[in-house]
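*Asks:* what's the 3D shape of this:
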Amino acid sequence: MQATHSHPAVHDHGAHAQPTGLMRWITTTNHKDIGTMYLWFSFTMFLVGGILALMLRTELFQPGLQVVEPEVFNQLTTMHGVIMVFGAIMPAFVGFANWMIPLQIGAADMAFARMNNWSFWLLPPAALLLVISFFVPGGAAAGGWTLYPPLSVQMGPGMDLAIFALHILGASSIMGSINIVTTILNMRAPGMTLMKMPLFCWTWLITAYLLIAVMPVLAGAITMILTDRHFDTHFFNAAGGGDPVLFQHVFWFFGHPEVYIMILPAFGIVSEIIPAFARKPLFGYTSMVYATSSIAILSFIVWAHHMFTVGMPATAQLFFMYATMLIAVPTGVKVFNWVATMWKGSMTFETPMLFACGFIFVFTMGGFTGLILAITPIDIQLHDTYFVVAHFHYVLVAGSLFALFAGVYYWLPKWTGHMYNETLGKAHFWLSVIFFNVTFFVQHFLGLAGMPRRVPDYALQFADFNMISTIGAFGFGLTQLLFLYIIVSCIRGGEKAADKPWEGAQGLEWTVPSPAPHHTFETPPVVR
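*Replies:* The predicted model follows:
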């Protein structure tokens with residue numbers, strides 16, 4: 001932690017002025033500045049990934065090939081997935097962690113302030129590599145965001161750019177996670193024990209451990225692809241004694257914990273918002289901490305439920321089926337606790353609460369379809385159909401993204417000092433939730449009827465649902481421009497926020513930990 005007084009020697013040579021303008025943002029070590037940059041970066045990548053998705057949906061508006069070639073369609077699919085997961089959702093949650101964790105635990109800043117700056121500035125070059133890969137010979141990677149061999153071994157140089165970008169993004173994630181773990185474990189204010197921390201800090205502590213555990217696994221998998229591509233190693237080449245299914249095992253050992261990396265911080269945000277607007281402490285704080293931990297542990301033993309169709313023995317299928325269904329228990333505990341917190345509370349429905357309630361309802365639907373896909377014989381039928389696409393978008397859009405929206409609206413008055421436009425915020429919620437369901441609900445029916453995913457053309461019987469889905473996608477995409485307008489107009493002005501904008505009947509504070517602390521730790525106590 002930096003000392004507040006300056007060393008006398010500094011004054012001999014004239015005090016250094018703080019950098020301003022662009023240099024302030026490039027050189028900043030302030031957790032709030034870095035959090036802000038993460039959030040703007042992730043929103044930019046969200047728009048880029050969204051444009052790719054709208055190109056996909058335009059092609060699928062009616063049967064036949066109209067807009068893009070099949071190879072380009074597959075490139076769009078891959079890059080949409082990679083950009084949304086690694087460029088939009090994950091950096092957004094890291095932005096929230098940077099902003100809120102020091103405030104919530106009473107720390108002056110993050111533990112490693114300069115490393116914090118470095119972990120952000122790795123992201124723009126990685127994003128640039130991903131976008132440039134569209135313009136190299138052969139185009140971007142086209143093997144899906146999971147980068148399965150043999151496709152990923154045979155592609156052009158776009159694949160190498162994608163691998164390099166993923167390495168850089170992984171390094172950024174690992175550094176950010178080390179920073180978060182160290183900050184939470186070492187820099188809490190006196191009296192802030194682990195079991196008094198706001199739940200957002202708990203979910204991020206567990207998420208950071210997950211990231212540190214699994215990002216090197218992804219790095220190993222994509223490095224093996226790289227050596228297969230350029231050094232004749234044959235890790236995944238059956239002709240050379242390798243095994244393409246080995247890649248799936250290694251990838252999903254990363255990939256399944258990754259799914260929880262993208263949802264646990266969302267659970268934390270929702271666990272902050274619901275008590276504030278129900279005006280009572282969170283129900284079952286301790287059980288929430290244990291549920292989060294058990295989800296994280298179980299996430300390591302369910303990876304092969306993504307692989308029921310590779311021909312694994314029935315015993316392994318049964319194990320992965322039961323282990324996957326077991327994860328529903330701690331997740332159910334969380335949903336129960338959120339509903340119990342709202343039960344008999346003095347609830348008001350400002351925009352953050354609307355998004356939190358929308359999150360619970362739609363995320364639970366995504367959870368149920370996940371439970372359906374956990375059942376081996378059903379999964380074998382539905383594998384690689386639009387049912388799976390609908391399932392994970394319910395979890396990641398209605399889950400992660402809606403929680404991010406909720407968190408932005410909740411903490412925006414604190415971040416900017418201004419209130420956003422409540423009417424427009426509510427309009428953003430209702431348009432988002434309606435268009436989201438128009439887009440993805442019908443995809444369940446497409447999948448049940450047998451429409452495969454990642455295919456640019458389809459049989460006539462799927463035409464109506466695809467048309468509905470595309471209309472919903474454009475509605476959802478345009479609605480996010482309203483979100484951008486709300487944020488920008490809030491930053492530039494608007495009604496001044498009160499000291500406690502959401503203060504309710506019980507005077508609950510910003511952080512809403514449970515049990516509530518003696519004070520808010522807004523200003524770190526002086527340790528004598």
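*Asks:* show the contacting residues for residue 86.
*Replies:* Listed by CB atoms under 8 Å, 6 or more residues apart in numbering, the contact set of residue 86 reads 126, 166, 169. Where you see a C-beta, it was placed from the backbone N, CA and C, and this is true even at glycine.
*Asks:* do the same with residue 437
*Replies:* Per CB under 8 Å, 6+ apart, neighbours of residue 437: 362, 472.
*Asks:* just the ones of the contacts of residue 86 in helices?
*Replies:* Judged by DSSP state H, the contacts of residue 86 include 126, 166, 169 as members of helices.
*Asks:* most neighbours, which of these?
*Replies:* Counting neighbours by other CB atoms under 10 Å, residue 169 leads those with 25 neighbours.
*Asks:* would you check that it makes contact with residue 123?
*Replies:* Yes. Using CB atoms under 8 Å, residue 169 makes contact with residue 123 at a distance of 7.0 Å.
*Asks:* tell me, what's touching those two both at once?
*Replies:* Counting by CB under 8 Å, 6+ apart, the common neighbours of residue 169 and residue 123 are residue 87.
*Asks:* and the strands in the protein, which stretches?
*Replies:* For the chain, strands defined by DSSP state E do not occur.
*Asks:* tell me, what residue is most central in it?
*Replies:* Centroid-nearest residue in the chain: residue 89, 3.1 Å away (criterion: CA atoms, centre = their mean).
*Asks:* quick one, what contacts residue 89?
*Replies:* 42, 262, 396, 400-401, 404.
*Asks:* which of these sit farthest apart?
*Replies:* 42 and 396 (13.6 Å; CB to CB).
*Asks:* would you mind measuring from the residue nearest to the centre of the chain to residue 234?
*Replies:* Remark: distance between residue 89 and residue 234 (CB to CB, to the nearest Å) = 34 Å.
*Asks:* ok, residue 139 next?
*Replies:* Applying CB to CB, the value for residue 139 to residue 234 is 25 Å.
*Asks:* and what of residue 107?
*Replies:* Counting by CB to CB, the gap from residue 107 to residue 234 is 49 Å.
*Asks:* what about residue 193, neighbour count?
*Replies:* Residue 193 has 8 nearby residues by other CB under 10 Å.
*Asks:* and the pLDDT at the residue nearest to the centre of the chain?
*Replies:* Note on residue 89: pLDDT of 97.
*Asks:* if we can go back for a sec, in CSV, list the contacts of residue 89 along with neighbour count and distance to residue 431.
*Replies:* Output for the contacts of residue 89, formatted as CSV (neighbours: other CB atoms under 10 Å; distance: CB to CB, whole Å):
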residue, neighbour count, distance to residue 431
42, 23, 21
262, 23, 23
396, 21, 19
400, 27, 19
401, 23, 14
404, 25, 16
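*Asks:* number of nearby residues for residue 171?
*Replies:* Residue 171 has 16 neighbours, counted by other CB under 10 Å.
*Asks:* who's in contact with it?
*Replies:* 119, 122.
*Asks:* for the one 3 residues further on, same thing?
*Replies:* With CB under 8 Å, 6+ apart as the criterion, the residues that contact residue 174 are 211-212, 215-216.
*Asks:* which single one of those is nearest to residue 430?
*Replies:* residue 211 (34.0 Å).
*Asks:* what's the distance between the closest one and residue 368?
*Replies:* Taking CB to CB, one finds residue 211 at 27 Å from residue 368.
*Asks:* ok, now residue 90?
*Replies:* Distance of residue 90 to residue 368, given as CB to CB: 25 Å.
*Asks:* for residue 402, same thing?
*Replies:* 17 Å.
*Asks:* more neighbours: those two, which one.
*Replies:* residue 402 (28 against 13).
*Asks:* may I see the buried residues of stretch 369-388?
*Replies:* Residues of stretch 369-388 classed as buried: 369-371, 373-376, 379, 382-383, 385-388 (neighbour count, 16 or more other CB atoms under 10 Å).
*Asks:* let me have these in CSV, extended by distance to residue 111 and pLDDT.
*Replies:* Output for the buried residues of stretch 369-388, formatted as CSV (distance: CB to CB, whole Å; pLDDT from 0 to 100):
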residue, distance to residue 111, pLDDT
369, 39, 97
370, 35, 97
371, 39, 96
373, 40, 97
374, 38, 97
375, 44, 97
376, 44, 97
379, 42, 97
382, 45, 98
383, 43, 97
385, 45, 98
386, 44, 98
387, 44, 98
388, 39, 98
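*Asks:* farthest pair within those?
*Replies:* 376 and 386 (19.7 Å).
*Asks:* residues contacting residue 251?
*Replies:* With CB under 8 Å, 6+ apart, residue 251 has these contacts: 146-148, 218, 221.
*Asks:* which of those tops the neighbour count?
*Replies:* In terms of neighbours by other CB under 10 Å, those top out with residue 221 at 27 neighbours.
*Asks:* name the nearest residue to that residue, ignoring sequence neighbours.
*Replies:* residue 250 (4.3 Å; CB to CB, 6 or more residues apart in numbering).
*Asks:* show me the contacts for that neighbour.
*Replies:* Counting by CB under 8 Å, 6+ apart, residue 250 touches 217, 220-221, 224.
*Asks:* looking at residue 139 and residue 234, which is more packed in?
*Replies:* When residue 139 is set against residue 234 and neighbours are counted by other CB under 10 Å, the residue ahead is residue 139, at 22 against 16.
*Asks:* that one and residue 133 touch, don't they?
*Replies:* Yes. Contact status for residue 139 versus residue 133: in contact at 7.5 Å, counting by CB under 8 Å.
*Asks:* what sits in contact with each of these two?
*Replies:* residue 158.
*Asks:* and residue 152, what does it touch?
*Replies:* 141, 143, 159, 225 are the contacts of residue 152 under CB under 8 Å, 6+ apart.
*Asks:* try 6 Å this time
*Replies:* 143, 159, 225 (CB atoms under 6 Å, 6 or more residues apart in numbering).
*Asks:* and residue 309, how far from residue 248?
*Replies:* Counting by CB to CB - residue 309 and residue 248 are separated by 10 Å.
*Asks:* the two: who's more crowded?
*Replies:* Per other CB under 10 Å, whichever of residue 309 and residue 248 has more neighbours is residue 248, with 21 against 12.
*Asks:* just checking, that one touches residue 308?
*Replies:* No. Between residue 248 and residue 308 there is no contact under CB atoms under 6 Å: 11.1 Å.
*Asks:* contact partners for residue 45?
*Replies:* Contacts for residue 45 (CB under 6 Å, 6+ apart) come out as 83, 87-88.
*Asks:* again with residue 80
*Replies:* Here residue 80 is in contact with 49, 52-53 (criterion: CB under 6 Å, 6+ apart).
*Asks:* dump these into CSV; add distance to residue 34 and neighbour count as well.
*Replies:* CSV is the format used below for these (distance: CB to CB, whole Å; neighbours: other CB atoms under 10 Å):
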residue, distance to residue 34, neighbour count
49, 22, 22
52, 27, 21
53, 28, 21
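*Asks:* from the contacts of residue 174, list the buried ones, please.
*Replies:* Listed as buried from the contacts of residue 174 are 211-212, 215; burial here means 16+ other CB under 10 Å.
*Asks:* filter those residues down to the ones in helices?
*Replies:* Going by DSSP H, the helices hold 211-212, 215 from those.
*Asks:* ok, those vs residue 201, which is closest?
*Replies:* Among those, and counting by CB to CB, the member closest to residue 201 is residue 211, at 15.4 Å.
*Asks:* quick check: chain neighbours aside, which residue is closest to that closest one?
*Replies:* Nearest one to residue 211, counting by CB to CB, 6+ apart, is residue 177 at 4.1 Å.
*Asks:* hang on, the earlier thing: among the contacts of residue 174, which one sits closest to residue 292?
*Replies:* Nearest member of these to residue 292, counting by CB to CB, is residue 211, at 14.5 Å.
*Asks:* what's near enough to touch that closest one?
*Replies:* Residue 211 makes contact with 173, 177, 261, according to CB under 6 Å, 6+ apart.
*Asks:* inside helices: which ones of these?
*Replies:* 173, 177, 261.
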